[in-house]
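Asks: need the 3D shape of this:
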Amino acid sequence: MQRIVVLGLSHKTAPVELRERFSFTKDELEQSLPALAGMPHVSECLVLSTCNRVEVYAVSEDADRCIESIKTFLSEVRSIPVQEFSPYLYASVGHMAVRHIYNVAAGLDSMVVGEPQILGQIKDAYRTAYIKGTAGLILNRLCHSAFFVAKRIRTETGVGSRAVSVSYVAVELAKRIFDDLTRRSVMLIGAGEMAELAARNLIGAGIGELVISSRSFSSAARLAESLNGKPIRYEEIFYSLKDVDIVITATGSPDFVIKPHHMREALKLRGNEPIFMIDIAVPRDIDPRVGELPDIYLYDIDDLKGVLDENIRSRRESAARAEEIVLEVEKGFQTWINGLKVVPAIIDLKKRFEQIKSIEVERALAKLENYSDKDREVIDGMASRIIGKILHGPLTNLKKEASTSRGALYVDSVKKLFELEKEILLLVEEEDDESTVQDWN
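Replies: Numbers count the residues shown, from 1 in each chain. Down below sits the predicted model:
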């Protein structure tokens, strides 16, 4: 039986120093997914990679071996020994894996409960897997089910009210460090979604001056124009650090953008006046050694865990209703996936009866003289109706039992009772008309 498997590490189990080593860019995902799909005991798969988690969702008939295959894949693709990251992993199988992706999609498992970005990230991960052909029937159904759950939770509970993100929390922390942001200048490095969210929150907080930079100057210029900020070229970052009080980084760079020597020079030029820095990128943009410099206050994404506000508290209170929705939809999904295990048996059973019908109709017609096409049609139709009436009850009950713990037992019983694994021709050769009649007496 095919089962859903999830294996991963997140902000709850692993520090950012480890998470960033497993972070995947979109290009890396596209290149790596076929290799993952080719691992033993992995029939479907997708990879979710965000600043707070890296998770592999897979479908397999052998969950334990599938988990080992995923570990091997992660080890090989990142050249990290399994024993080095294994203690930080978590795994779920079956209905617990389904429940997990529902919670993730709805933001219930996020650092900031209810944050909205994660749903878009899951949709991107699913889209990539679908295009690469690694998401099949089960993962397709699972992901769309997760999207449905997330929508219901945002519509029916307070979890989605007053949208909060990691970017929002970063700005809240800046407000705590500097009482009056109207007199402060901010440099935002990065022009993606995370950076834009941070910029909009800064504007809402009344920031004095906003400087935006990105590797693509046109992207920085577009964002700056829409937010009434000032764009600067990427190479100007290091000359402008001395002029800003707050630096927020959110790029997709695989390497450190800002290093200790950059900040030592900036501090010297600004007379050692403090600089507040928030790195919300994974992999990190700011070398952690920068935080060791005097007058530098550096926070990375894990440090934001300690920032609490009323929004987060109210969201957690709404989580109880959200959990009810998760369990409700999960039950329906499990009924569907359990039903899949009886499909092969039903197909084989119908095929077996259709084969027997064809053989017996030919036998009957062979005993008639000068039968017409109409005669064949009547006999064939009668045989089909008899089979339909005989199978209606068993197939109906088999489908009902598929959603229970007895489903597998019923499937095995049907296979044995009707000898579905035995060749039909061999079965017919062993029978004669008399023995068949005796079976009904």
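Asks: sec struct for the residue sitting furthest away from the middle of the chain, please.
Replies: Largest separation from the mean C-alpha position in the chain: Glu369, at 65.3 Å (Cα atoms, centre = their mean). Of the three states, Glu369 takes coil under DSSP: H, G, I helix; E, B strand; the rest coil.
Asks: would you map the strands across the stretch 151-300 of the chain?
Replies: Using DSSP state E, counting those that start in this stretch, the strands of the stretch 151-300 of the chain run over 185-189, 209-213, 230-232, 246-249, 275-279, 296-300.
Asks: how far out from the middle of the chain is stretch 346-361?
Replies: Centre-to-centre, stretch 346-361 and its host chain are 41 Å apart (Cα atoms, centre = their mean, to the nearest Å).
Asks: next: stretch 294-304.
Replies: With Cα atoms, centre = their mean, you get 29 Å for stretch 294-304.
Asks: and the contacts of it?
Replies: For stretch 294-304, the external contacting residues (Cβ atoms under 8 Å, 6 or more residues apart in numbering) are 11, 15-16, 51-52, 111, 166, 169-170, 173, 177, 263, 267, 272-282, 284, 286, 288, 290-291. The C-beta positions use only the backbone N, C-alpha and C, and glycine is treated the same way.
Asks: and the residues you listed, which are buried?
Replies: 11, 16, 51-52, 111, 166, 169-170, 173, 263, 267, 275-282, 284, 286, 290-291 (16 or more other Cβ atoms under 10 Å).
Asks: all strands for the stretch 1-150 of the chain, in order.
Replies: 3-10, 44-49, 53-60, 90-93.
Asks: Serialize the ones you listed to a markdown table and add fields for mean neighbour count and mean pLDDT.
Replies: Output for those, formatted as a markdown table (neighbours: other Cβ atoms under 10 Å; pLDDT from 0 to 100):
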| stretch | mean neighbour count | mean pLDDT |
| --- | --- | --- |
| strand 3-10 | 23 | 96 |
| strand 44-49 | 25 | 96 |
| strand 53-60 | 26 | 96 |
| strand 90-93 | 17 | 96 |
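Asks: I'd like the ones you listed as TSV, with distance to Ile138 appended.
Replies: TSV is the format used below for the strands of the stretch 1-150 of the chain (distance: least, Cβ to Cβ, whole Å):
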stretch	distance to Ile138
strand 3-10	7
strand 44-49	6
strand 53-60	5
strand 90-93	13
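Asks: out of the ones you listed, which comes closest to Pro394?
Replies: Closest to Pro394 of these, according to Cβ to Cβ: strand 3-10, at 25.9 Å.
Asks: quick check: which helices or strands does that closest one pack against?
Replies: Contacts defined by 3 or more Cβ pairs under 8 Å, 6 or more residues apart in numbering; DSSP states H and E place strand 3-10 against helix 16-19, strand 53-60, helix 63-78, strand 90-93, helix 95-105, helix 137-156.
Asks: 7 Å instead?
Replies: If you count contacts as 3 or more Cβ pairs under 7 Å, 6 or more residues apart in numbering; DSSP states H and E, strand 3-10 packs onto strand 53-60, helix 63-78, strand 90-93, helix 95-105.
Asks: make TSV from the ones you listed and add distance to Ile386 to it.
Replies: Listed next are these as TSV, based on distance: least, Cβ to Cβ, whole Å:
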stretch	distance to Ile386
strand 53-60	39
helix 63-78	42
strand 90-93	43
helix 95-105	40
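Asks: and of the ones you listed, who's closest to Ser318?
Replies: Ser318 lies closest to helix 95-105 among these, at 13.5 Å (Cβ to Cβ).
Asks: may I see the buried residues of the closest one?
Replies: In helix 95-105, counting by 16+ other Cβ under 10 Å, buried: 95, 97-105.
Asks: tell me the one among those residues nearest to Phe418.
Replies: His95 (30.1 Å).
Asks: distance of the closest one relative to Val411?
Replies: 19 Å (Cβ to Cβ, to the nearest Å).
Asks: quick one on the thing from earlier: turn the strands of the stretch 151-300 of the chain into a markdown table, columns for mean pLDDT.
Replies: Below are the strands of the stretch 151-300 of the chain laid out as a markdown table (pLDDT from 0 to 100):
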| stretch | mean pLDDT |
| --- | --- |
| strand 185-189 | 92 |
| strand 209-213 | 93 |
| strand 230-232 | 94 |
| strand 246-249 | 92 |
| strand 275-279 | 91 |
| strand 296-300 | 91 |
